[in-house]
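>>> let me see the structure of the following:
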Amino acid sequence: MQGNTILIVEDEPILREILKDYFHNEGYEVQEAGDLCVALGIG
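Numbers count the residues shown, from 1 in each chain. Alright, predicted model coming up:
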């Protein structure tokens, strides 16, 4: 699954870290944000 990127938007840091580790281990490049404003680049 080379070259695929996933964006995780989650306000709970522990859950975000678990999701990030899972998807990274599945071969995804992972971007993360703590809220929607940050994800959209307006925060």
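>>> counting by contacts, list what the helix or strand residue 23 falls within packs against.
In this structure, residue 23 sits in helix 13-25 according to DSSP states H and E. Other helices and strands packing on helix 13-25, by 3 or more C-beta pairs under 8 Å, 6 or more residues apart in numbering; DSSP states H and E, are strand 5-9, strand 29-33. For the C-beta atoms, the positions are set from N, CA and C on the backbone; glycine is no exception.
>>> now those in TSV, with mean pLDDT and mean neighbour count?
Shown next, in TSV, are the helices and strands packed on helix 13-25 (pLDDT from 0 to 100; neighbours: other C-beta atoms under 10 Å):
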stretch	mean pLDDT	mean neighbour count
strand 5-9	96	14
strand 29-33	96	15
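>>> for those strands, which one sits closest to residue 40?
strand 29-33 (8.4 Å; C-beta to C-beta).
>>> of all the helices and strands packed on helix 13-25, which lies closest to residue 19?
That would be, of the helices and strands packed on helix 13-25 and by C-beta to C-beta, strand 5-9, which comes in at 5.0 Å.
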